[in-house]
Structures are given as structure tokens and as C-alpha cells.
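Asks: sequence and predicted structure, then a few things I'm wondering about:
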Amino acid sequence: MESTINPTVLVVNCGSSSLKFAIVDPATGEQYLTGLAEALGLPEAQISWRFGDSDKQKANLPSGANHTVALAYLEEQILEGKPELMKSFIAVGHRVVAGGELFSQPTLITDEVVKGIEQCIPLAPLHNPAHLLGIAAARRLFSELPHVAIFDTAFHQTMPAKAYIYPLPYELYKEHAVRRYGAHGTSHYYVTTEAAKMLGKPVEETNIITAHLGNGGSVSAIKNGQCVDTSMGLTPLEGIVMGTRSGDIDPSIVFFLADTLGYNIEQVRDTLNKKSGLLGISGKTSDFRGILEGVDAGDEQCKLAFDIYCYRLAKYIASYYVAVGKVDALVFTGGIGENSMPMRAAVLKMLEGFGYVESPEANAAARFGNSGLITTAESAKAFVIPTNEELVIAQGAAKFAK
Ligand code: AMP
């Protein structure tokens, strides 16, 4: 393997107590190494990794290990004895959740850019501080490489004002930047480019609706290859039903919780972000596989969660016909979108009026990493396309390679 290594990008995605990493060839998408450090800051800090398709390996990190220790372990232990791989790095790509209105492109990280990411902390209070930890650690350890930030919000910066301005007092936007920013932009962008290839059209002439359905989820309207609307808003709480997030609700429910039930603001935040969605309705699980198992076992609450999830998703997709006009294809991606045949069948059925007819055989075949058309030859087109955010990050970072 070592002798044939092309230039690669080290892709880093930091959460507050985790650090996901991958070594990716930006030209082919090949992932030479993938891994995850977890429980950072805790006694049980650990790291796992896999070279290519080989078996997963695991090790304990020193108790309380932080992001710097995890990256040093990657450099000194995991890549020990693999000098060709180390030498193949041309850049480090950092995933950053919120770039606000400041960043609409992959951006070379300077001290100025770090300040910009800090400014966006109120838009992603859990994520951006963690990204900054990872960025600081990686810039120290890999100081000779260009470090590039790839923002989840960047792809949505092409939305027109009618899509991103809320019907609130305008000064909340003007003075406090309260607006729709969206999320999962790298995923929506990736499946847009892949869908254009599958349709045989230039991406700038491609009109699609993309549904990224994972633990979090969002739907985007793409016109001529550009995002014109998306379901997540100021924060990732708005939009479709998610694992533990409510998505759209009547804002007055917040007043009801506070005034009638005596919730404080923390309890409201916790309820909408962590106790709602699939978990809230089912009372059992936020995991879609668990919901499907419940449906099969005749669990009424799981069935209700499944029905609400599909119904609200189908309504969003239908509403984006207004944003896009003539739609070339609908795309499902993310863990649920890529794997759940029953969800896709239910959503396509509800979208019958838009010309969608599921092909049960094709729908059953498109899972576990397989992409493909899941509708019949006469139907409006719906595709399953496994997402690849690492590749988008690697390609964005590679542009800054020296
Ligand atoms: P992600 O956040 O993209 O990793 O997606 C996580 C979600 O995908 C979880 O709700 C999983 O239950 C769901 N998921 C993963 N595999 C399957 C599957 N085979 N069938 C249905 N849902 C799945």
C-alpha cells in the first residue's frame, strides 16, 4: 500500500469530547485511514482506527487525554512505521459547523479566521468551541501544513433573502444576524454533484431536492446547482423530525412550557433538543433502527414516530417544489436516508401527486453503501446516494496545498 500513496489530506472533525479523523486521497476519495478518539477529557478516553478495509484497532488513551493528546497519538503511534503516509499529507481539513455570514468557501485558517470561528460560537455553542480545540492542537502538531476550515453552513450561503430572513423584527437580523444558516452543507453539496453525474447534466443546470437524514436531518432545495432553501435554521433545531430534536413546532409551545408548566429556559432547551423527535414520540429510542424494530413488533408509539417522521419529511419535500420549480430528482442520504427502505417507500407514496412511483426492488437494493435510482422508469426520479463529507473536506483543503 505504502508505495502507491497519492497526496492526501488529514480530515479532522472535532466534537467536545471526540475527534474523528481520516486520511483521504482528494483525487480518488480513497480513505487510507479512518478513526475516532472518544471520551476525551474523561478517565476512559480511547481511540480506535482502521487502515483501509483492515480490521479495527483500539487503544486506551491516558486518562483525561484531550484533543492534542489524541492527535499526538495519531502522529506518534498509529502512523509510526508508515512514513510514506505521513509524507503524503498536503493539507489538514477541519470540519466547522457554523461559519455564519463570514464564510462561504473553504478558508485557509489564520489567526484572523480563528477569531471569525470564535465569533460564530453563539450559532453553534457546542460545536465551534470543540472545533477550535482541534484546530489549535492540529496547527501545533502539523505546523508545516496548510490548515483549511470547511464550513457546514457554506453551501447554504447562496439562499435568497426571502428564504433566510425570518418574519421577525428586521433589526434582529440587521443587528444580531438572526437568520437561517442551515447545516449539513457539505453533504448536500456532495450529493448534488453526484446526482448531477447520475442525471448526466452539468451541476449548474441541475435542480434537485436533497434529504440528509441522520441523527440530525435537513432537507435542501437546490436550483441550478445552488442551495435556494434549507430546513435547518439559525440552529439545527428547526426543520424535520430528528432523533432527539423536535424540528418545527408552534413557538408558543415554549410559552406554554414556561407559563403553564413552570419550565425554566434550560428545561425548555433540553426538552426540544434532547427529549423530543423520535425519542420523545416513541418514549424508547432516538435510533431509527430501533423505531423500525418497534414498528415490526407492533409498538404503537414507534409506529406513530415513524408516521410523523415520514409525513413531516414528505411535507418539506413537497414545499420545496415552490423553491425549485421543475425538479430533476429527489435524493436521500445520511444513515436513515441511505438505509431505510420503509421510510423511503412511505415518503414516495405520500409524494405520489408529484409523480413518484417507488420501485420496490430498486428501493430494496439501495442500502449499505449502494447508490441508485429507487423509482420506476416512468416515475419522477428519486435516488439514494451515500454521502461523503470527508471527500468534500479533503477536496476543499487540497485547493490550498503548497
Ligand atoms: P447518521 O447520523 O448519518 O450516522 O445516521 C444515524 C441514523 O441512521 C440512526 O438513526 C440509525 O438508526 C440510522 N440507520 C443506520 N443504519 C440503518 C438501517 N440499516 N436502517 C435504518 N436506519 C438506519
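Replies: Yep, it's here. All values reported here derive from a predicted model rather than from experimental measurement.
Asks: can you pull the contacts of Thr376?
Replies: Thr376 makes contacts with 357-359, as judged by CB atoms under 8 Å, 6 or more residues apart in numbering. Using the backbone N, CA and C atoms, a C-beta is placed for each residue, glycine as well.
Asks: actually Ala37, not the one I typed
Replies: Taking CB under 8 Å, 6+ apart as the test, what Ala37 contacts is 18-19, 21, 45-47, 61, 65, 67, 70, 73.
Asks: make it 6 Å
Replies: For Ala37, the contacting residues are 19, 47, 70, by CB atoms under 6 Å, 6 or more residues apart in numbering.
Asks: check which helix or strand covers it.
Replies: Taking DSSP states H and E as the definition, Ala37 sits inside strand 31-38.
Asks: please see if that strand touches the ligand.
Replies: No. Strand 31-38 lies out of reach of the ligand by CB under 6 Å from any ligand atom, never closer than 12.3 Å.
Asks: any idea how far that strand is from the middle of the chain?
Replies: Centroid displacement of strand 31-38 relative to its chain, using CA atoms, centre = their mean, to the nearest Å, is 17 Å.
Asks: ranking by neighbours, what's the top pick from the contacts of Ala37?
Replies: The residue in these with the most neighbours, by other CB atoms under 10 Å, is Leu19 (28 neighbours).
Asks: just the pLDDT at Ser3, thanks.
Replies: pLDDT for Ser3: 55.
Asks: flag the shaky bits of this structure, pLDDT-wise.
Replies: 1-3 (pLDDT under 70).
Asks: now do the one residue in it that gets nearest to the ligand against Gly217, distance only.
Replies: The ligand sits closest to Gly335 of the chain, with a gap of 2.1 Å, by CB to the nearest ligand atom. Gly335 sits 9 Å away from Gly217, going by CB to CB, to the nearest Å.
Asks: flag every residue of the stretch 201-350 of the chain that's near the ligand.
Replies: 214-215, 243, 287-289, 292, 334-336, 339-340.
Asks: can you select the buried ones among those residues for me in ChimeraX?
Replies: Here is the ChimeraX selection string for the buried members of these, based on 16 or more other CB atoms under 10 Å:
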select :214,215,243,287,288,292,334,335,336,339,340
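Asks: and Pro167, what is it in contact with?
Replies: Pro167 neighbours (CB under 6 Å, 6+ apart): none.
Asks: ok, now Gln226?
Replies: Thr158.
Asks: who does it form a beta bridge with?
Replies: Lys223 (DSSP bridges).
Asks: sorry, back to before: which of the contacts of Thr376 has the most neighbours?
Replies: Glu358 (22 neighbours).
Asks: SS state for the closest residue in space to Asp25 that isn't next to it in sequence?
Replies: Leaving aside its sequence neighbours, Asp25 sits nearest to Asn6 (CB to CB, 6 or more residues apart in numbering; 4.8 Å). Assigned with DSSP: H, G, I helix; E, B strand; the rest coil, Asn6 falls in the coil class.
Asks: hmm, Asn6 is touching Ile23, no?
Replies: No. Counting by CB atoms under 6 Å, Asn6 sits too far from Ile23 to count as a contact (10.9 Å).
Asks: so those two - more neighbours on which side?
Replies: Ile23 (28 against 12).
Asks: the more buried one pairs with what?
Replies: With DSSP bridges as the rule, Ile23 is bridged to Leu10, Leu33.
Asks: which residues are in contact with it?
Replies: Here Ile23 is in contact with 8, 10, 32-33 (criterion: CB under 6 Å, 6+ apart).
Asks: ok, 8 Å please
Replies: 8-11, 31-34, 85, 88-89.
Asks: cool, Gly233 as well?
Replies: Neighbours of Gly233 in contact, by CB under 8 Å, 6+ apart: 166, 180-182, 239.
Asks: ok so, going back, what touches both of Asn6 and Ile23?
Replies: Ser88.
Asks: can you redo the contacts of Ala37 as JSON lines with secondary structure?
Replies: Output for the contacts of Ala37, formatted as JSON lines (three-state DSSP):
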{"residue": "Leu19", "secondary structure": "strand"}
{"residue": "Ile47", "secondary structure": "strand"}
{"residue": "Ala70", "secondary structure": "helix"}
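Asks: could those be laid out in TSV, adding distance to the ligand?
Replies: Converted to TSV, the contacts of Ala37 look like this (distance: CB to the nearest ligand atom, whole Å):
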residue	distance to the ligand
Leu19	17
Ile47	19
Ala70	21
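Asks: which one of the residues you listed is nearest Asn388?
Replies: Closest approach between these and Asn388, by CB to CB: Leu19, at 19.4 Å.
Asks: bridge partners for the closest one, pull those for me.
Replies: Beta-bridge partners, per DSSP bridges, of Leu19: Cys14, Ala37.
Asks: Pro43 - how many residues pack around it?
Replies: Pro43 has 10 nearby residues by other CB under 10 Å.
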